[in-house]
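> Predicted structure and sequence below. I'll ask about it afterward.
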Amino acid sequence: MVDIKRYTQELSQLVALPSVSCATPSLDTSNRAVVELLANWLADLGFACELQPLPDQPHKANLIATRGHGPGGLVLAGHTDTVPYDAHSWQQDPFDLTLRDDRLYGLGATDMKGFFPVVLAALRGLDLNKLQAPITVIATADEETSMAGARALALRGGFQARAAIIGEPTALKPIRMHKGIMMEAVHVRGHSGHSSDPALGNNALEAMHQVMGELIRFRRELQAQFSHPGFTVQVPTLNLGCIHGGDNPNRICGDCELQFDLRALPGMNNDELHAQLGARLRPVAEALNVDITLRALFDDVPAFEQPAGSALVRACESFSGQQAVSAAFATEAPFLQSLGMETVVLGPGSIDQAHQPNEFIPMAQLAPATHLLRQLIAHYCH
């Protein structure tokens, strides 16, 4: 069982605290109030709590809260930041949790502040004095942009847990793999001039046409080489997302930039993909006598896969009654997995409700989610 009144009160307090993570500085906010509130609640349950400011961002922090000692145990992890919001598109204040039609509406209600009161409810239903292995609750910063919080955890290390659950909204279906993501910008610099005489310049837009053709050929080759039947889209994808170049129709374009993303399958290496992209574009630059530079728009997220036969996947499938599947979205899972923990993504709510107005978490999933976490805690820590 879950105390719905208490859950609603706690989620209401979390939603009321803005913690927007955004690449636009004017929209970006701190998450410190959220992790401090979570730390207070967990301290009341006997957890030792540590706030770890992010490098170069002291206004943001991860929370690591632990009860119990020794090796093994379980990590329950989630991010505390939200995406920006369009207030005019919401039917209510995004920061005022609203109950309507057995759904709780609010910014971050499902992605993913709603996970933390479920964790608290699960913990309160157990005798924590009988822990045989530690339980750790992790609340991270900046997942929605740079994943700086998870990257900081991976660099810090020191975790001895056997397993980690990341409570992203999966409708309580275990997720054991997802693709990685690279977001890149390729910039072509030619030479501007009067359009009446092409010899007066070197058209960057025309060179970009060649670059785009090379990227499309690269995509075709990757998709012929790599495939994974566990994904709905079974091949890696490369999307040409946006392009900007030139300033007037009667001027030869001097500069052009294309931005694209590449989503790699498990088993593919982002560093190798970077090297291959550079190697393919250098001959284009040399042949057309232009400068071509490739830069990352943000740090890559590796692909993630937890083997189907691993102990955590089997436990999650048994307790949830659902077979583990793949997800189309990236998570912090590869960073926790890099610390030596078996990792599964599993939480209440649906990703279909995330990143849009009138985000909600369904009340019907709260009790099953709480019961599922209690089973996992008992399995790994009792």
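Looks like it came in fine.

> what bits of this structure have low per-residue confidence?
Scanning the chain for pLDDT under 70 picks out no residues.

> Determine the longest strand present in it.
For the chain, the strand with the greatest residue count under DSSP state E is strand 57-67.

> buried set for that one?
Gln57, Lys60, Ala61, Asn62, Leu63, Ile64, Ala65, Thr66, Arg67 (16 or more other CB atoms under 10 Å). C-beta coordinates here come from the backbone N, C-alpha and C atoms, glycine included.

> can you check stretch 292-303 too?
Under the neighbour-count criterion of 16+ other CB under 10 Å, stretch 292-303 has Ile292, Asp300, Val301, Pro302, Ala303 buried.

> now stretch 245-261
Within stretch 245-261, the residues that count as buried by 16+ other CB under 10 Å are Gly245, Ile252, Cys253, Gly254, Asp255, Cys256, Glu257, Leu258, Gln259, Phe260.

> all helices of this structure, in order?
When secondary structure is read from DSSP state H, the chain shows helices at 4-15, 32-44, 115-124, 148-156, 204-225, 270-288, 311-320, 333-337, 366-381.

> okay, these in JSON lines with distance to Gln234 and mean neighbour count next?
JSON lines is the format used below for those (distance: least, CB to CB, whole Å; neighbours: other CB atoms under 10 Å):
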{"stretch": "helix 4-15", "distance to Gln234": "37", "mean neighbour count": "18"}
{"stretch": "helix 32-44", "distance to Gln234": "38", "mean neighbour count": "19"}
{"stretch": "helix 115-124", "distance to Gln234": "29", "mean neighbour count": "24"}
{"stretch": "helix 148-156", "distance to Gln234": "27", "mean neighbour count": "20"}
{"stretch": "helix 204-225", "distance to Gln234": "9", "mean neighbour count": "16"}
{"stretch": "helix 270-288", "distance to Gln234": "18", "mean neighbour count": "14"}
{"stretch": "helix 311-320", "distance to Gln234": "20", "mean neighbour count": "19"}
{"stretch": "helix 333-337", "distance to Gln234": "20", "mean neighbour count": "24"}
{"stretch": "helix 366-381", "distance to Gln234": "29", "mean neighbour count": "21"}
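
> Of all those helices, which one comes closest to Phe360?
Closest to Phe360 of the helices of the chain is helix 4-15 (CB to CB; 11.1 Å).

> tilt between the closest one and helix 366-381?
80 degrees (axes from the mean of the first three to the mean of the last three CA atoms, to 10 degrees).

> Just flag the most distant two among the buried residues of stretch 245-261.
Among those, Ile252 and Phe260 lie farthest apart (CB to CB), at 24.2 Å.

> List the residues that contact the spatially most central residue of the chain.
Compute the mean C-alpha point of the chain, and by CA atoms, centre = their mean the closest residue is Thr331, 3.4 Å away. Residues near Thr331 by CB atoms under 8 Å, 6 or more residues apart in numbering: Glu143, Ile166, Glu168, Ile175, His178, Phe304, Val345.

> Just flag the most distant two among these.
Applying CB to CB across those, the maximum distance is between Glu143 and Ile175, 15.1 Å.

> quick one: Arg124 from Ser12, how far?
According to CB to CB, to the nearest Å, Arg124 and Ser12 sit 18 Å apart.

> before we move on, what about Gly246?
Using CB to CB, we find Gly246 at a distance of 50 Å from Ser12.

> okay, now the domains of the protein?
Residue ranges for the domains of the chain, per automatic domain parsing: 4-178+303-381, 182-296.

> just to revisit the earlier point, between the buried residues of strand 57-67, which is nearest Val186?
Of all the buried residues of strand 57-67, Gln57 has the smallest distance to Val186: 28.5 Å, by CB to CB.

> mind listing what the residue nearest to that closest one when sequence neighbours are not counted touches?
Closest residue to Gln57 apart from its sequence neighbours, by CB to CB, 6 or more residues apart in numbering: Ala148 at 6.9 Å. With contact set as CB under 8 Å, 6+ apart, Ala148 has these partners: Leu54, Pro55, Gln57, Lys60, Ala141, Asp142.

> One more pass at 10 Å, please.
Neighbour list for Ala148: 21, 54-57, 60, 62, 81, 140-142, 298-299 [criterion: CB atoms under 10 Å, 6 or more residues apart in numbering].

> what's the answer for Ala77, then?
62, 64, 112, 115, 119, 136-140, 143, 149-150, 153, 164-168, 331-333, 335-336, 341, 343, 345.

> same thing with Arg162?
71-75, 133, 311-312, 340-342, 380-381.

> go on, Ile252?
Applying CB under 10 Å, 6+ apart, the residues contacting Ile252 are 190-206, 246.

> what number of residues lie near the nearest residue to Gln337 once chain neighbours are set aside?
Nearest residue to Gln337, sequence neighbours excluded (CB to CB, 6+ apart): Thr343, at 4.3 Å. By other CB atoms under 10 Å, 30 other residues sit near Thr343.

> beta partners of Thr343?
According to DSSP bridges, the residues that bridge with Thr343 are Ala164.

> wait, it sits on Ala333?
Yes - counting by CB atoms under 10 Å, Ala333 is a contact partner of Thr343 at 4.9 Å.

> overlap in contacts of the two?
Contact with both Thr343 and Ala333 is made by residues Ala77, Ala164, Ile165, Ile166, Ile175, Arg176, Phe304, Glu305, Gln306, according to CB under 10 Å, 6+ apart.
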